[in-house]
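Student: Sequence plus predicted model, see below.
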Amino acid sequence: MKVIDIANPIVITIFPESSLKEAIDILSNNPSGRIVVLKEEKPIGIVSTRDVVASFSEYGTNIYDLKVKDIMSKDLVIVSPNDDVNHVVRIMLMNNIGGIPVVDNNVIVGIFTEREILKLIASSMFSGLVDSVMSSNIISIGEENTIMDAAKLMVMNNVRRLPVFSKDNRLVGIITAADIVKYLAKNKNIGKVLDAGTKNPITINRYYSILNAAKLMIEKRIGTLLVMENQKLVGIVTERDLMYAYINIA
């Protein structure tokens with residue numbers, strides 16, 4: 001299957017001299033979590049929610065003084081429309097990226113993201129249980145912590161989401177990189193994690209099928225499912241985990 005057959009043809013773009021505030025506003029409403037940076041109509045970089053969170057962890061609210069060129073990822077990885085989907089997924093995993101522009105003669109014709117992989121899994125007779133792909137090495141944060149604490153923890157551990165626990169060790173929410181970006185689009189103060197995150201997150205058990213996990217993520221428009229057993233958090237399943245599951249049987 002060619003990547004152009006399932007890539008998203010709607011690509012949001014921005015210029016390097018644009019303000020970071022403009023990029024944050026766009027990202028807060030962009031499900032793909034990334035904007036392609038154009039210079040003279042050619043793609044030269046990407047700004048993602050992860051880039052914004054990394055910059056926020058370093059500069060705090062001074063990020064509003066920055067421009068897109070100050071934080072964008074400049075080592076742009078691209079693919080061609082006729083590249084095979086399985087090849088593209090391997091490139092994404094190898095480069096630890098969640099989205100990749102599809103470019104034809106320096107013109108962007110689409111973007112392929114983790115979300116497209118979910119759709120592939122959800123539309124197939126995909127077998128397997130989340131127990132086989134979930135991560136049990138869980139990085140979490142307390143509800144008394146701030147979104148700055150969350151950003152620093154995400155950057156330090158190279159993750160995009162953190163389960164949130166109460167002081168008495170109950171799971172009470174989740175905060176993601178996308179949540180932080182949405183918060184920064186509307187607020188210039190540094191609030192607590194659940195001012196930005198989601199309370200009462202969606203959970204599943206370890207015997208939930210990978211197929212149904214993909215369908216649930218698509219239905220709820222989320223990229224993470226928390227795995228519970230006997231009221232205890234035992235794992236976390238992300239879009240990236242399902243990418244690995246997909247490529248292992250492709």
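Tutor: Here it is on my side, so go on.

Student: Can you tell me what sits against the worst-scoring helix or strand of the chain on mean pLDDT?
Tutor: Lowest by mean pLDDT, DSSP states H and E among the helices and strands of the chain is helix 239-249, with a mean of 85. Outside helix 239-249, the residues within contact range by C-beta atoms under 8 Å, 6 or more residues apart in numbering are 86, 89-90, 92-93, 98, 114-115, 117-118, 120-121, 126, 128, 132-135, 210, 213-214, 217, 223-224. Where C-beta positions appear, they are placed from N, C-alpha and C, glycine not excepted.

Student: Buried ones only from those, please, as a PyMOL command.
Tutor: Buried members of these, defined by 16 or more other C-beta atoms under 10 Å, are picked up in PyMOL with:
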select buried, resi 89+92+98+114+115+117+118+120+121+126+128+133+134+210+213+214+217+223+224
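
Student: Please narrow the contacts of helix 239-249 to those residing in helices.
Tutor: 86, 89-90, 92-93, 114-115, 117-118, 120-121, 210, 213-214, 217 (DSSP state H).

Student: Does Val3 touch Val88 like I think?
Tutor: Yes - contact criterion C-beta atoms under 8 Å: Val3 and Val88 qualify, at 4.8 Å.

Student: overlap in contacts of those two?
Tutor: Taking C-beta under 8 Å, 6+ apart as the contact rule, Val3 and Val88 both touch Val79, Phe112.

Student: low-scoring stretches of the chain, by residue?
Tutor: Applying pLDDT under 70 to the chain flags residues 249-250.

Student: now the helices: where do they sit in it?
Tutor: Here the chain has its helices, by DSSP H, at 20-27, 49-59, 68-71, 85-94, 114-122, 147-157, 177-186, 193-196, 210-220, 239-249.

Student: Can you give me the neighbour number for Ile108?
Tutor: By the criterion of other C-beta atoms under 10 Å, Ile108 has 18 neighbours.

Student: quick one: the closest residue to Ile6 other than its chain neighbours from Gly197, how far?
Tutor: For Ile6, ignoring the flanking residues on the chain, the nearest one in space by C-beta to C-beta, 6 or more residues apart in numbering is Glu116 at 5.2 Å. Noted for Glu116: a distance of 26 Å to Gly197, by C-beta to C-beta, to the nearest Å.

Student: Comparing the two, which shows the higher neighbour count?
Tutor: More neighbours surround Gly197 than the other of Glu116 and Gly197, with 24 against 19 (other C-beta under 10 Å).

Student: Quick check: nearest residue in space to that one, chain neighbours excluded?
Tutor: Ile175 (3.2 Å).

Student: what's the answer for Thr61, then?
Tutor: Spatially, and ignoring its direct neighbours in sequence, Thr61 is nearest to Lys188 (5.5 Å; C-beta to C-beta, 6+ apart).

Student: Then Lys152?
Tutor: Ser57 (4.6 Å).

Student: how many neighbours does the one you found have?
Tutor: Summarising burial for Ser57: neighbours were counted as other C-beta under 10 Å, giving 20.

Student: Backbone torsions only: list them for the residue lying farthest from the centre of the chain.
Tutor: In the chain, the greatest distance from the average C-alpha position (C-alpha atoms, centre = their mean) is reached by Asp168, at 29.1 Å. Per-residue torsions, Asp168: phi -90, psi 20 (degrees, to the nearest 10).

Student: Domain-wise, how is this structure divided?
Tutor: Following automatic domain parsing, one gets these domains for the chain: 3-122, 130-243.

Student: Let's see the distance spanning the longest one from one end to the other.
Tutor: Put plainly, it is domain 3-122. 17 Å (C-alpha to C-alpha, to the nearest Å).

Student: Work out the gap between it and the centre of the chain.
Tutor: Domain 3-122 sits 11 Å away from the centroid of its parent chain (C-alpha atoms, centre = their mean, to the nearest Å).

Student: and what of the last one?
Tutor: The gap between the average C-alpha position of domain 130-243 and the chain average comes to 11 Å, counting by C-alpha atoms, centre = their mean.
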